[in-house]
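# Need the 3D shape of this:
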Amino acid sequence: MSLIDYLIIIIPTLLILYMGWYTRRYIRGVVDFLSAGRLCGRYIISVASVADGLSIIGMVGFVEVHYKTGFSLTFWKSISLPLTVIMGLTGFFFYRYRETKVLSIGQFLEMRYCRSLRIFAATLRSISEILANMIMPAIAARFFIYFFDLPESVSVFGLQLPTFQILIIVGLVLAIGIICMSGMLGIVITDSLQGLLLYPLLVFFVVYLLRKFSWNSEIAPVMLDRVPGESFLNPYDIRNLRDFNLFFLGLTFFSTVMHYGSWVTGSHSSARSPHEQKMAGLLGSWRGALNGLFYILVAISILTFLNHRNFAQEAKTVRLALSTRVAEEIAPNEVSRNNIVKAVRALPPQMHRIGVDQPLSEKNNLDTFYLNTVHKELQKEENGHGLFQQFRTLYHQMMLAVTMRHMLPTGVLGLFCLLLVLAMISTDDSRIYSAAGTIAQDIVLPLRKKPFTPKQHLWMIRIVSIGIGVCFFFGSSFMAQMDYIQLFVYMMCIMWMGGCGPVMLFGIYSRFGNKYGAWTSLLTGMFLGIGNVLLQHCWASHIYPFLDRQNWVEPVGHFLKVASSPFDPYIVWEMNPVKCPVNNYEFYFLTMLVTLVLFIVVSLITGWGKEKFNLDRMLHRGIYAIEGEKKPEPMKWTFRNILDKLVCINSEYTTGDKWIAWGLFIYSIIYRFGIVFVLVVVLNLFSPWSNQAWTRYFLITSLVIPGILAAITTVWFGIGGVRDMIQLFRDLKARKNINIYDDGRVEGNVSLADKAELDKIDHDKAEK
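Numbers count the residues shown, from 1 in each chain. Sure thing, here's the model as predicted:
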C-alpha cells in the first residue's frame, strides 16, 4: 500500500463521517431518529440501499459459494422472477407496512396481536439478528488483516494489543458514531452518499477486471473444466451439487413469500408516502444490476486467477500465504503451526492443463492438495476434525482478501479497499441500528410505564446501540463460525425466521390469525431453531464422536441415507465426521412448514366464531383514512387502462412512474424470464446446447447486458439520488409541527399518534 492508496481511503471516509455529524442538527423528534422523519424520496432510499446491499460479508460469502458451485444455478433462479416482479409491482408487504405508520416491527405486532407478543417477538428477533450479524465485524477485521498482511499484534504505548480486536473496535466505533449522531436519518444520508461514491467505483472495477482477464482463453476454459454433474456454466449438468442446488432454489422461492417482510427496519417506513416506498422497491430491481455484476466478476476473476495455468506461480503464492495466515490463527501450538507451513510450502505449483488433465471437481480440485495436507497435520492434534473445519472455513472466506492483494496494483488496491471500507460502515451501522431499534422500541419502550421525553427517548436508543456494539465486539472476538457464511446466517436467523413468516404475512394481509396462533408459531420456530444451532455447532466436536463411541455411526448413517433417498440427488444425508448431514437449509425448510401449519390450526381452534381483526383501521383505509393519508381512488377496468392494470398501475402513478413500472415488466418478465429463460429451456428440450454455447450465453446475459444496464443506472440513480438528497434537507428544514406522541407507543391496538382521530372515527361510526 502506498501513500496514494491511504489517501484514497481516508479522505472519502472522513467526508462520510462529517455528513453524519452535520445531519444531527435536523433531529427534532423521535420519528426523525427512527424513520428519517418519513420524508425520504424514492431515489435516496434506493441509492442508500446500494451501499447497504454491498458488504464485505456479502462479497466474501458470494465468492465462497460460487468458487465452489460456479454459476449454473443462477440460471434456474429465473424461475422466481415472475414472483419477485409481481411483489415489486404490487408493493408486496412494504406498501401496507408503510400504511400502518409504525416505527418498528414490534409496534406493528402489538397493533395486530398484543403487547406481550411484541416484547417476546422483539426479544427473539434481536437475539437471532445479533447472533447472525455479530460475525460481520470479525469477517471485516480479518479481511483487512489478510488484505494488508497485518501482524497479529501491534505495540501501543508499550502494550502488545491484538490487531484483530483493534480493527473490530475501529469498525464498530465508525458505525455507532453515525448512529449516535443522527440515527436512521444519518444512516440514510451517509448511505446515500456512499452509494453515490460506490457506483463509479463499481463501474471502474467491472471494466478493470474484464480487461485483465481474457474471456475466451482464460475465463471460459476454467469455467468449463469441471467433471460431469458439477458444471459451472451448464444448468443441465449440476446434479451432484450438495449445499447449493435446486432444492436451495425451491427453498428460496418459498421463503421469499413467507419472509418478505420479516426484517423490516426504519428505512422501510422512511418514505414520504406508501407509494414512494413502493416506487423505491421498484427502483431497487434496477439498482441491483451493478452489485450483482460486480460480485460475479470478482468471483470469476478469483476462480480464473487461482485455477488457470497462466497464473500458476501467483496462485501458489496466494495459497501458501493464505494457508500460512490461517494456520497462524487456528493451530493449537507453535509446533503444529510450523508443521503445517512446512508441509504446505513443500507442495509444488499446480500446473493444471485444461483439456489434458482430469477435470476438477468439488472433492478433487487445486485446493484439495492444500486442504488434505493441512487436515493430515491437524489430525495429530486433539479435536483435529474441529480444527480442520475452522481452517477450511477461514481458508475459503479469506481467499478473496489474499487473492485481491496479489492481483491488484497500487492505486487500484486503494480504490478496492475504499469500496470495502464504505461497505463495512454502511452494513455495520444498519445492522447494529436494526437490532438496537428493535430492543429500544419493542422491549424497553412497552415495558416502561412512564413515557420517555423525546430527549430521553433518543438517549435510550443511543445507549442501546452502544450496548449492541459491545455485543458485536465480544461475539466477533470469541464466536467461531464453522460453516459457509450463508449457511451460518441461516442457522442463526432460523430462530426468528422459522416461525415469524405466518405471523407477519397473515398479520398484514388477513383478518384471520390471532395471538395464540402467533405465539405457537414463534415458540415452535424458536425451539426448533435452537435445536438446529446446537446440532450444527456441536456435530464435529461432540455429536459425531459420541455416535462413534457408541458404534452408532453406521446405523444412523444408514437411516439418514434411506430417509433422504426419495429426494436424491437434491437432498442427500450422508454421515460425515466434520459436517452435520442435514444442512441448515433443509432444517430451515422443515421448520417453516411446521410453524405454518401450527399457526393456521391453532388460530382456527382458538378463534372460531370470534370477531375478526379490524384491518382497515390498522392500515388507515376506508373511513380510517386520516388527513394526509388519503388513498387513491381505484382505477376502473376499461379497455384503455387494461395494460396498466397488468403492471399494477393506479391513479397515484405519474407518467415517469409508469415508465419505470413498464420498464421493469419488459426487462424482467419479457426479456429475462420469457426470452433468456423460458425460450432457452424450450430450445434445449429439442436440441441441448453444448458447453461452449453456454459460455456465450453466460457472457451475454450475465455480463454484457447487465453491464449496459449498470452504465445507464449509474447516471440515472446518481442524478435522482442528488436531487432527492437536496429535497430531503429542504423538507427537514421546512417542517413545522411534530407529533410528540409519534414515538412507537400503542394503546388498544392503535398507535398513540393516531389514537384520538381513530377513536373519534369509531365513535362517529357507532352513533350512525
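
# now the helices: where do they sit in the stretch 201-350 of the chain?
Taking DSSP state H, counting those that start in this stretch as the test, the helices found in the stretch 201-350 of the chain are 220-224, 246-258, 274-307, 312-330, 334-345.

# got it, and the stretch 551-700 of the chain?
553-564, 584-607, 615-619, 642-646, 655-665, 680-686, 691-698.

# so which of the ones you listed gets nearest Gly718?
Nearest of the helices of the stretch 551-700 of the chain to Gly718, taken as Cβ to Cβ: helix 655-665 at 16.3 Å. Placement of C-beta: from N, CA and C, glycine included.

# The closest one vs helix 274-307, what angle?
Put simply, helix 655-665 runs at 40 degrees to helix 274-307, going by axes from the mean of the first three to the mean of the last three Cα atoms, to 10 degrees.

# Now do the host helix or strand of Thr84: everything it contacts.
Thr84 is located in helix 81-90, with elements delineated by DSSP states H and E. Here helix 81-90 makes contact (Cβ atoms under 8 Å, 6 or more residues apart in numbering) with 92-93, 253, 256-257, 260, 281-282, 284-285, 647-648, 661, 664-665, 668-669, 672-673, 677.

# in which helix or strand would I find Ala435?
Going by DSSP H and E, Ala435 is part of helix 412-439.

# just checking, what packs against that helix?
If you count contacts as 3 or more Cβ pairs under 8 Å, 6 or more residues apart in numbering; DSSP states H and E, helix 412-439 packs onto helix 3-23, helix 42-53, helix 56-69, helix 115-133, helix 136-148, helix 163-212, helix 399-407, helix 454-478.

# Next SSE downstream of the helix holding Thr84?
Next along the chain from helix 81-90, counting by DSSP H and E, comes helix 94-100.

# model confidence over that next one, on average?
Confidence over helix 94-100 (mean pLDDT, whole number) is 87.

# Tabulate the CA atom coordinates of it in CSV.
C-alpha atoms of helix 94-100 as CSV (Å, rounded to 0.1, in the frame of the first residue of the first chain):
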residue,chain,number,x,y,z
PHE,A,94,-44.0,-2.9,2.3
TYR,A,95,-46.8,-0.7,0.9
ARG,A,96,-49.1,-1.9,3.6
TYR,A,97,-46.4,-1.7,6.2
ARG,A,98,-45.9,2.0,5.4
GLU,A,99,-49.7,2.5,5.6
THR,A,100,-49.6,1.4,9.2
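
# roughly how far is that helix from the heart of the chain?
22 Å (Cα atoms, centre = their mean, to the nearest Å).

# same thing with stretch 462-476?
That offset, for stretch 462-476, works out to 20 Å (Cα atoms, centre = their mean).

# try stretch 400-414
The answer for stretch 400-414 is 25 Å, by Cα atoms, centre = their mean.

# show me the residues around Leu17 that make contact.
By Cβ under 8 Å, 6+ apart, the neighbours of Leu17 are Leu174, Gly177, Ile178.

# can you rerun that using 7 Å?
Gly177 (Cβ atoms under 7 Å, 6 or more residues apart in numbering).

# Out of the helices of the stretch 201-350 of the chain, flag the one nearest Phe144.
Using Cβ to Cβ, the helices of the stretch 201-350 of the chain put helix 312-330 closest to Phe144, at 12.4 Å.

# Can you list the buried residues in that closest one?
312, 314-316, 318-327, 329-330 (16 or more other Cβ atoms under 10 Å).

# Repeat that for stretch 599-610.
Per 16+ other Cβ under 10 Å, stretch 599-610 contains these buried residues: Phe599, Ile600, Val602, Ser603, Gly607.

# Reformat these as TSV; add distance to Asp367 and pLDDT.
Output for the buried residues of stretch 599-610, formatted as TSV (distance: Cβ to Cβ, whole Å; pLDDT from 0 to 100):
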residue	distance to Asp367	pLDDT
Phe599	44	95
Ile600	47	93
Val602	49	94
Ser603	50	92
Gly607	55	80
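
# Could you list every helix and strand in contact with the helix or strand encompassing Pro706?
Assigned by DSSP H and E, Pro706 falls within helix 705-734. Under the contact criterion of 3 or more Cβ pairs under 7 Å, 6 or more residues apart in numbering; DSSP states H and E, helix 705-734 touches helix 42-53, helix 163-212, helix 274-307.

# of all those, which lies closest to Gly411?
Closest to Gly411 of the helices and strands packed on helix 705-734 is helix 163-212 (Cβ to Cβ; 10.7 Å).

# and that closest one, how far from the chain's centre?
16 Å.

# and it with helix 42-53, angle?
Going by the same axes, to 10 degrees, helix 163-212 makes 110 degrees with helix 42-53.

# Now do helix 163-212 against helix 3-23, angle only.
Using the same axes, to 10 degrees, helix 163-212 lies at 110 degrees relative to helix 3-23.

# between helix 163-212 and helix 399-407, how many degrees?
Using the same axes, to 10 degrees: helix 163-212 against helix 399-407 is 60 degrees.

# ok but Ser155 is inside a strand, no?
Yes: assessed by DSSP: H, G, I helix; E, B strand; the rest coil, Ser155 belongs to a strand.

# per-residue pLDDT, it?
For Ser155, pLDDT reads 81.

# can you tell me which of the helices of the stretch 551-700 of the chain the model trusts least?
helix 642-646 (a mean of 68).

# how near is Phe478 to Arg28?
Distance from Phe478 to Arg28, counting by Cβ to Cβ, to the nearest Å: 40 Å.

# Equivalent analysis for Glu757, please.
22 Å.

# for stretch 258-275, how far is the first residue from the last?
22 Å (Cα to Cα, to the nearest Å).

# how about the helices and strands packed on helix 705-734 in a markdown table, adding mean pLDDT?
Shown next, in a markdown table, are those (pLDDT from 0 to 100):
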| stretch | mean pLDDT |
| --- | --- |
| helix 42-53 | 81 |
| helix 163-212 | 87 |
| helix 274-307 | 82 |
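
# which stretch among those helices comes nearest Arg723?
Closest among the helices and strands packed on helix 705-734, once you apply Cβ to Cβ, is helix 42-53, at 6.8 Å.

# which outside residues touch that closest one?
Applying Cβ under 7 Å, 6+ apart, the set of residues contacting helix 42-53 is 188, 191-192, 194-196, 198-199, 267, 270-271, 276, 279-280, 283-284, 287, 291, 422-423, 426-427, 430, 717, 720-721, 723-725, 728.

# Go ahead and confirm Glu276 touches Gly41.
Yes: between Glu276 and Gly41 there is a contact under Cβ atoms under 7 Å: 6.4 Å.
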